[in-house]
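S.K.: below are the sequence and a predicted model for it; my questions follow.
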Amino acid sequence: MDRSTRPGDDFSKYANGKWDQETAIPPDRAAWGIGAILDEQARERTRMLLDGARSQSTAGSDQRKAADYYAAYMNEAAVEARGLATLQPMLDRMAAIADRGALARELGSMLRADVDPLNATEFHTDRLFGLWTAQDLNEPSRNTAYLLQGGLAMPDREYYLADNPKMAETRTRYRAHVVKVLGLAGIADADRKAQRIVDLETRIASVHARREDSADVHTAQAWTREDFDRKAPGLDWAGYFGAAGLERQRAFVVWHPAATTGEAALVGSQPIATWKDYLAYITIDHWSRLLPRAFAEERFDFFGRTLAGTPQMPERWKRAVDSTNAAVGDVVGKLYVAKYFSAAAKARAQAMVADIKTAFARRIDALDWMSPQTKARATEKVQSLIVGVGYPDAWRGYAGLEISGDDALGNAMRAEEFEYQYRLRELRQPIDRNEWWITPQTVNALNLPIQNALNFPAAILQPPYFDPAAPDAHNYGAIGAIIGHEISHSFDDQGSQFDAAGKLTNWWTPADFEHFKSASARLVAQYNAYKPLPDLAVNGQQTLSENIADLAGLAAAYDAFRISLKGGTAPAFDGFTGDQQFFIGFAQSWRDKYREPILRQILLTDGHAPSPYRADTVRNLDPWYAAFDVRSGDRLYLARPDRVRIW
Ligand SMILES: [Zn+2]
């Protein structure tokens, strides 16, 4: 803490100032804080589990597959010896493309379920489109195929289009990166080809939806298979979907209709030769982490050093753990929770979730602006939330996935294909609202608005977020606010549009929705005023869902904390009252620091505001003013009417 800072002037600095001053970001990290520290701990634990799994498992078992996957990744000599050999058949096929029919088939064969499932609106794929399979938002009784925009190597359209010197410089360096990748692969005429590839990507970027528009579920459209031919000419969709294994799929949700039309038109209008060069580049770049060192280093140099500001590539074993988690995450997860997540921890976390659900329902009931009809629907929604704590009830198996002990790239490609086939089968299976979308060893939590479900993995349910040895006040402020945050996503600008069954429905009375919108607008303005970089502010609209969740989650956690006291007083700790401990616990859970380039990337692409501003959410809660004697004139002070209260 920095007790010389007035809490009312900069609460984040008051709670975290000394840490911030004394902590250096490790050289292999772009940002550093509580989440990253726990993430490193989870990696260490996973490495030990994988080392042990090798000797303790039988040949052909899932555990052995995980151990072999990790070992193959670590076998750098084998990776060097293979060179581009594993990719060569694919590159040869791309080089042989002679017409737009073959181009469509190649693009279709590359479709993967590689959209970041944490949030359907916060995703990125360098394939032309991304696929996500989930409950249909119009017909929640069935699963459907969501198609999302893609095709860019850099994180967002702004990197290709934004008109400012910083981005122009990044583009110059990106073009040099493309030249280097082509050169390393022995592709002739790299300079001219790189220019054409970047030009094509820039055209793709120009048809992409903006980040904040992507968050509006109402722009998504239900398309039949026939709609693609009519609404998005240029791409041979029959060839595309055939090669993607989706020839039988009749119904789709197209998340970015205009981008789908625009990308298909580019497939029809841009020279085939340019597409072939682009495909070769994007394929090599996509897999370069599993190619010989020169490729992996070049990728890190641009995406790690230039785009994120990270000086040093993480050690190989860390990358191997991450890759193993991505490939066979449930095998690792099962080992992880057996060792690191006790039944007692699970029970205590479940009890906290129940408390906060109750507090949330009471808050809704007490709202003076909301009509009884809307309240009834909201309460139904909280009560029917499915809350997963620690790990899923059922584990995924990996029968049929072939893992070799010395082919790291082949393993990763087969694992991606295996995952894709799993998702295709899921399209024909009944919906599963208990399905988990992150592994237990992930330090994160999430809300799945369409499933009306939450996932709280084991790896986040540990100190300092959740510390069985700490006072309750601390735990309610830290993990309690995170639990409240995830519950609240069911009621933010996204979740408020889905009913209890996950159907996209307007369950609000018009007057209630107007109130919600005006409160949201004040929160947008509050965050728009934060300016972390001289030329870049927080985007209040882009971060609205998360800011609502932070605010509502903190308020619900505070109520749950008060309820837990049953009218009594929380014990003082270290000279702090219960309320002070609660708010400090909250602000310390957002203890993070960033290098400038990653901060820039977050401001442009992330749905979350940078952590210090998340810590300052406290300024909207009346009890915070009382706890720290915050007064008019303090920098974070808001007059009562300016404090935003949504739920
Ligand atoms: Zn969130």
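M.R.: Received, thanks.
S.K.: so which bits of the chain are right by the ion?
M.R.: 546, 549 (Cβ under 5 Å from the ion). To be clear about C-beta, it is placed using only N, CA and C from the backbone, and glycine gets the same treatment.
S.K.: domains of the chain?
M.R.: 11-44+324-642, 88-286 (automatic domain parsing).
S.K.: got the end-to-end distance for the last one?
M.R.: Across domain 88-286, the terminal residues are separated by 14 Å (Cα to Cα, to the nearest Å).
S.K.: quick one: mean pLDDT for it?
M.R.: Here domain 88-286 scores 94 as its mean pLDDT.
S.K.: on that earlier part again, can I get the domains of the chain in a markdown table with mean neighbour count?
M.R.: A markdown table is the format used below for the domains of the chain (neighbours: other Cβ atoms under 10 Å):
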| stretch | mean neighbour count |
| --- | --- |
| domain 11-44+324-642 | 19 |
| domain 88-286 | 18 |
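S.K.: mind putting those into CSV with distance to residue 303?
M.R.: CSV is the format used below for these (distance: least, Cβ to Cβ, whole Å):
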stretch, distance to residue 303
domain 11-44+324-642, 10
domain 88-286, 8
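S.K.: and residue 388, helix, strand or coil?
M.R.: Look at residue 388: counting by DSSP: H, G, I helix; E, B strand; the rest coil, its state is strand.
S.K.: got a list of what the nearest residue to it once chain neighbours are set aside touches?
M.R.: Leaving aside its chain neighbours, residue 388 sits nearest to residue 455 (4.8 Å; criterion: Cβ to Cβ, 6 or more residues apart in numbering). Contact analysis of residue 455 by Cβ atoms under 8 Å, 6 or more residues apart in numbering lists 388, 436, 437, 438, 445, 446, 448.
S.K.: I figured the first one was touching residue 434, is that so?
M.R.: Yes. Here residue 388 reaches residue 434: they are 7.0 Å apart, a contact under Cβ atoms under 8 Å.
S.K.: in the chain, mark out all the strands, start to finish.
M.R.: Along the chain, the stretches classed as strands by DSSP state E are 31-33, 129-135, 143-149, 221-224, 251-254, 386-390, 446-448, 453-457, 592-594.
S.K.: Throw those into JSON lines and include distance to residue 502, thanks.
M.R.: Listed next are those as JSON lines, based on distance: least, Cβ to Cβ, whole Å:
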{"stretch": "strand 31-33", "distance to residue 502": "33"}
{"stretch": "strand 129-135", "distance to residue 502": "5"}
{"stretch": "strand 143-149", "distance to residue 502": "11"}
{"stretch": "strand 221-224", "distance to residue 502": "15"}
{"stretch": "strand 251-254", "distance to residue 502": "13"}
{"stretch": "strand 386-390", "distance to residue 502": "10"}
{"stretch": "strand 446-448", "distance to residue 502": "8"}
{"stretch": "strand 453-457", "distance to residue 502": "9"}
{"stretch": "strand 592-594", "distance to residue 502": "32"}
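S.K.: so which of those is nearest residue 185?
M.R.: Residue 185 lies closest to strand 129-135 among the strands of the chain, at 24.5 Å (Cβ to Cβ).
S.K.: so that closest one versus strand 143-149, what angle?
M.R.: Our comparison of strand 129-135 with strand 143-149, counting by axes from the mean of the first three to the mean of the last three Cα atoms, to 10 degrees, yields an angle of 150 degrees.
S.K.: other residues contacting strand 129-135?
M.R.: So strand 129-135 is contacted by 111-115, 117, 120, 123, 142-151, 244, 260, 263, 420, 423-424, 426-427, 431, 433, 448, 450-451, 502 (Cβ under 8 Å, 6+ apart).
S.K.: all helices of the stretch 1-150 of the chain, in order?
M.R.: Ranges of helices within the stretch 1-150 of the chain are 11-22, 34-56, 62-74, 76-82, 88-95, 100-109, based on DSSP state H, counting those that start in this stretch.
S.K.: in TSV: the ones you listed, plus distance to residue 198.
M.R.: Below are the helices of the stretch 1-150 of the chain laid out as TSV (distance: least, Cβ to Cβ, whole Å):
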stretch	distance to residue 198
helix 11-22	38
helix 34-56	32
helix 62-74	31
helix 76-82	28
helix 88-95	18
helix 100-109	19
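S.K.: mutual contacts of residue 388 and residue 434, please.
M.R.: Each of residue 453 lies in contact with both residue 388 and residue 434 under the rule Cβ under 8 Å, 6+ apart.
S.K.: all helices for the stretch 401-550 of the chain, in order.
M.R.: 408-426, 472-475, 481-488, 510-528, 544-564.
S.K.: on that earlier part again, of all the helices of the stretch 1-150 of the chain, which one is nearest residue 368?
M.R.: With distances scored as Cβ to Cβ, the stretch of the helices of the stretch 1-150 of the chain nearest to residue 368 is helix 11-22 (28.1 Å).
S.K.: pretty sure residue 478 contacts residue 586?
M.R.: Yes. Using Cβ under 8 Å, residue 478 is in contact with residue 586, at 6.5 Å.
S.K.: ok, now how distant is the nearest residue to residue 15 once chain neighbours are set aside from residue 544?
M.R.: In this structure, residue 15 finds its nearest non-sequential neighbour in residue 587, 3.6 Å apart by Cβ to Cβ, 6+ apart. Separation of residue 587 from residue 544 (Cβ to Cβ, to the nearest Å): 21 Å.
S.K.: and residue 299, by the same measure?
M.R.: 33 Å.
S.K.: roughly how far does residue 8 sit from residue 494?
M.R.: Residue 8 is 32 Å from residue 494, by Cβ to Cβ.
S.K.: let me fix that, I meant to ask about residue 101.
M.R.: Computed as Cβ to Cβ, the residue 101 to residue 494 distance reads 39 Å.
S.K.: swap in residue 610?
M.R.: 21 Å.
S.K.: for the residue nearest to residue 388, list each beta-bridge partner.
M.R.: residue 388, residue 446 (DSSP bridges).
S.K.: thinking the residue nearest to residue 15 is in contact with residue 618, fair?
M.R.: Yes. Residue 587 lies in contact with residue 618 (Cβ under 8 Å); the separation is 6.9 Å.
S.K.: one step back: residue 393: which of the helices of the stretch 1-150 of the chain is closest?
M.R.: helix 62-74 (17.5 Å).
S.K.: pull that closest one out as CSV, backbone CA atoms only.
M.R.: Provided in CSV are the C-alpha atoms of helix 62-74 (Å, rounded to 0.1, in the frame of the first residue of the first chain):
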residue,chain,number,x,y,z
ASP,A,62,-5.0,-39.8,-22.1
GLN,A,63,-2.5,-39.0,-19.4
ARG,A,64,0.3,-40.4,-21.6
LYS,A,65,-0.9,-38.3,-24.5
ALA,A,66,-0.6,-35.2,-22.4
ALA,A,67,2.9,-36.2,-21.2
ASP,A,68,3.9,-37.1,-24.8
TYR,A,69,2.5,-33.8,-26.1
TYR,A,70,4.6,-31.9,-23.6
ALA,A,71,7.7,-33.9,-24.2
ALA,A,72,7.5,-33.5,-28.0
TYR,A,73,7.2,-29.8,-27.6
MET,A,74,10.3,-29.8,-25.4
